[in-house]
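S.K.: Can you look at this prediction? I've put the sequence above it.
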Amino acid sequence: MAKASGRFSMHRPLFRLTAAVLAVLGVGSSSCGGKALVDDSTGTASVTGGAPSFGSGGAFSASGGNPGNGKPMFPGNGATPGTTGPATMPTIDPGIIQPPVIVSCPTSPKDLTYFLTAALWGNTAFIAEVLPIVDALPTTDVIKLMQADPRSQVGLEKFALDWFGLTNVSIDFGGATGTGGASNSPQHAPDQLMAEEGRLFVQWTLQDRQGTLEQIFTSSQSVINRELADYYAAPPPPSPPGSDLWNTVDLGAQERFGILTRGFWLARNVNAARRGKAVLEDALCSLVPAPPANVAPHGATPPPHLSAVEIRAQVNDPVCQGCHTLIDPAGGAFEHFNGVGQYRPVLGGGQPIDASGYFASSFDQGESTFKFQSVREFMAQLATSPNLEQCLVKKVAAYTQREALGGQPFESSPLNCALKSNPGLGARSIADAMRVLLSNLTSISRLPIK
C-alpha cells in the first residue's frame, strides 16, 4: 500500500502573533470563563476545507492547491489545507451540547500547556511553543488558535485511535479461520487488514477536523482493499486485481454502520457478551461488575461463532444472569457478524438471526433507552444518545490526563474538576469535546488578584 506523506512540520515559531493576526482570526479579549469564540459560519472553533495527508501507512494523499474556505491559517505554519481521501465526507454540524464554560478550574500555566498540547496536537513536545501564549490569552482563545492549526488533525487522530484500541492492535482469533479468501492469503493476515481498515476509517471520519459521533458510529463508508473485500465477501473496491490499493466503499449491504461494525472491533470482541460489555464500558461509560469470585468468567476462551442464542442457553446460572442481562442485549445487535468479523445472513443450520434488543443506560444527567430491531437502528440511537456525548468528554479527560501528566492521580486533576463542576457536559464531536472540556481550565496566572 502506498504510504501517505509525513506528519506536519513547523517552519518557524507558531505564536508570533500580532494584533492584526488576532483580529483576523477573531480572537478577542474575553475574560476567563467567558464563551468560547466560534467560527461564525459553522459554530465551531476549527477551519473547514479538508486537511493535508498525515501519518504513515494511510491510504490518503494530499491533493494540493485547495485553499479550504479562504480563512488564514496560523502564521508561520506554512501548511495549506488540501483535500483528503478518495471520497468527500458529507458536512455535518457537530453542534454544542452544553455552554462551553460554566466553572473555570485553576491550573498552573505549565500543566495547562501540557493538557492543551497533549489533547489538541497529540504531542507535548510543543509545550515550549505554546506556553508563552497561555498567559497572554484566555484559554478559549488559545484553543481556537490551536484547533485552527493543521496539527489539530494529529491530535484528533491520536485520541480516536486510542479510544477504539487501534494504537497497538493485536487481535487473537483463537485458532479460528473464516471462509473469506484473505484467510489463506500469503500477503496479509486478516487481523492486520482489519486493523488497517480501522485506522483508515478513523482518518476518513476526521477529514473535516471534527470527528462527529454521527460519522464515527453510523457511516457505512469504509476504506478497504481487495484482500479485505474477499475476506468480508463484499463488493471489491475499484482497483485492479492483485493491487494493494485501498479505496472507500459502501458496506451498508452488509449492515456495517459505524466503527463498531468494523472487523477489528468485532474480532476483538468475539461474541454478544463481549461486544455488549465493550459497548457499555467504551461508548456509554457504564460500569460492568466483575463476575463473582466463585464463578469462572464465561467465555474466557469463547468459541468465535458463539451466538447470543447459544450464550443464553449456556448461561443458566442465576449468578451469571445478573451480568448477562446487563451486557447481552447491546451485544445482540451485532448478531449478523461472526466471531472473526465476517457477515452472516443466518446462523448455522439456517436459523434466522434476531438482532433486536432493549436496554437502558444511565449516566451523569439522565438515562438513555435503546430499543432496536437491527444494528443499524442501534447505531443510529447510540450516535445521538446523551450518554455517548457525555462519555466522549469523560474519555477525552482521561486520555488527556494520561498523555499530559502520566501517572498523576486523576481525582486531583483540574480535568476532574471540570467534569465535576459541569455535570452532564457532553459533545457531539471529538473536536467539540476537547474544546468544551479544556475551556474550563484557567491558568492561575490569569486569575484576578484579590
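M.R.: Everything's here; your move.
S.K.: Distance-wise, check Lys371 relative to Pro291.
M.R.: Look at Lys371 and Pro291: by Cβ to Cβ, to the nearest Å, they are 27 Å apart. Every C-beta, even on glycine, is put in place using the N, C-alpha and C of the backbone.
S.K.: whoops, Leu193 was the one
M.R.: For Leu193, the distance to Pro291 - Cβ to Cβ - is 33 Å.
S.K.: now swap in Asp250 and tell me
M.R.: For Asp250 relative to Pro291 (Cβ to Cβ), the value is 40 Å.
S.K.: Ok, Arg435 next?
M.R.: Arg435 is 39 Å from Pro291, by Cβ to Cβ.
S.K.: More neighbours: which of these two?
M.R.: Counted by other Cβ atoms under 10 Å, Arg435 and Pro291 do not tie: Arg435 has more neighbours, with 29 against 15.
S.K.: Which element, helix or strand, includes that one?
M.R.: In this assignment (DSSP states H and E), Arg435 forms part of helix 430-438.
S.K.: repeat for Ile327
M.R.: With DSSP H and E as the criterion, Ile327 is inside helix 318-331.
S.K.: repeat for Ala360
M.R.: Here Ala360 is assigned to strand 357-362, by DSSP H and E.
S.K.: Check which helices and strands that strand sits against.
M.R.: The contact analysis (3 or more Cβ pairs under 8 Å, 6 or more residues apart in numbering; DSSP states H and E) places strand 357-362 against helix 318-331, strand 367-372.
S.K.: go again using 6 Å as the cut-off
M.R.: Counting contacts by 3 or more Cβ pairs under 6 Å, 6 or more residues apart in numbering; DSSP states H and E, strand 357-362 is packed against strand 367-372.
S.K.: how far off helix 318-331 does the strand it packs on point, in degrees?
M.R.: 70 degrees (axes from the mean of the first three to the mean of the last three Cα atoms, to 10 degrees).
S.K.: hmm, back to that, using PDB, write out every CA atom in the strand holding Ala360.
M.R.: Output of strand 357-362 as PDB, limited to C-alpha atoms (Å, rounded to 0.1, in the frame of the first residue of the first chain):
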ATOM      1  CA  GLY A 357     -32.800  -5.600  21.700                       C
ATOM      2  CA  TYR A 358     -33.900  -3.300  24.500                       C
ATOM      3  CA  PHE A 359     -31.900  -1.900  27.400                       C
ATOM      4  CA  ALA A 360     -31.500   1.300  29.400                       C
ATOM      5  CA  SER A 361     -28.200   3.100  30.400                       C
ATOM      6  CA  SER A 362     -27.800   5.800  33.000                       C
END
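S.K.: what's around Asn123, how many residues?
M.R.: Other residues within reach of Asn123, judged by other Cβ under 10 Å, total 15.
S.K.: That one - nearest residue in space that isn't next to it in sequence?
M.R.: Among residues not flanking Asn123 along the chain, Thr117 sits closest, at 6.3 Å (Cβ to Cβ, 6 or more residues apart in numbering).
S.K.: Hmm, Ala125 and that neighbour touching each other?
M.R.: No - with contact defined as Cβ atoms under 6 Å, Thr117 does not count as touching Ala125 (7.7 Å).
S.K.: burial measure for Gln192, as a count.
M.R.: By the criterion of other Cβ under 10 Å, Gln192 has 16 neighbours.
S.K.: Thr140: how many residues sit nearby?
M.R.: 26.
S.K.: how close does it sit to Asn338?
M.R.: Taken as Cβ to Cβ, the span from Thr140 to Asn338 is 48 Å.
S.K.: before we move on, what about Phe359?
M.R.: When distance is defined by Cβ to Cβ, Phe359 is 23 Å away from Asn338.
S.K.: With Arg262 instead?
M.R.: Arg262 is 14 Å from Asn338, by Cβ to Cβ.
S.K.: Need the pLDDT of Asp244.
M.R.: Each residue has a pLDDT score; the one for Asp244 is 78.
S.K.: oh sorry, the question was meant for Gly211
M.R.: At Gly211, pLDDT is 95.
S.K.: Likewise for the one 5 residues further on?
M.R.: At Ile216 the predicted local distance difference test score is 97.
S.K.: Gln314 too?
M.R.: Reading off the model, Gln314 has pLDDT 59.
S.K.: Next: Thr248.
M.R.: 90.
S.K.: Got the phi and psi for it?
M.R.: When read as degrees, to the nearest 10, the backbone of Thr248 gives phi -80, psi 140.
S.K.: Tell me what it is bridged to.
M.R.: Val223 (DSSP bridges).
S.K.: For it, the count of nearby residues, please.
M.R.: Neighbours around Thr248, by other Cβ under 10 Å: 21.
S.K.: pretty sure it is in contact with Val223, am I right?
M.R.: Yes - contact criterion Cβ under 6 Å: Thr248 and Val223 qualify, at 5.5 Å.
S.K.: Would you mark the buried spots in the longest helix belonging to the chain?
M.R.: Taking DSSP state H as the criterion, the chain has its longest helix at helix 386-405. Going by neighbour count (16 or more other Cβ atoms under 10 Å), the buried part of helix 386-405 is 386-401, 403-405.
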